[in-house]
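**Q** quick one: sequence and predicted model below, then my questions.
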Amino acid sequence: MSTSPVNAAEVPFCRRRQLTVSLLLISVLAGCSSAPLDYPRQASFAISDTSATVEATEVAT
């Protein structure tokens, strides 16, 4: 039984791909699970009548 470190060239491609996908999936799931759900938000607003704005008058001409 060999105790030497595994060379990347000795690992089959499909096994390396499986490990890469698994690590990526674990990383994404760990990142999503740690997102705060009660993040404070500021109120937003929108201009209801935009016909008097500078951009609207420039587009109309």
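**A** Cool, the structure landed.

**Q** helix or strand: which one has the most centrally placed residue in the chain?
**A** Closest to where the C-alpha atoms of the chain average out (CA atoms, centre = their mean) is residue 28, at 8.1 Å. In the assignment (DSSP states H and E), residue 28 maps to helix 13-33.

**Q** ok, residue 12 - how many residues close by?
**A** For residue 12, the number of neighbouring residues by other CB atoms under 10 Å comes to 8. Where C-beta positions appear, they are placed from N, C-alpha and C, glycine not excepted.

**Q** next: residue 50.
**A** So residue 50, with other CB under 10 Å, has 9 neighbours.

**Q** is it in a helix, a strand, or coil?
**A** coil (DSSP: H, G, I helix; E, B strand; the rest coil).

**Q** all numbers from here: first residue = 238
**A** Renumbered: residue one is now 238, and that last one reads residue 287.

**Q** that one contacts residue 293, correct?
**A** Yes - if you go by CB atoms under 8 Å, residue 287 and residue 293 touch, sitting 5.3 Å apart.
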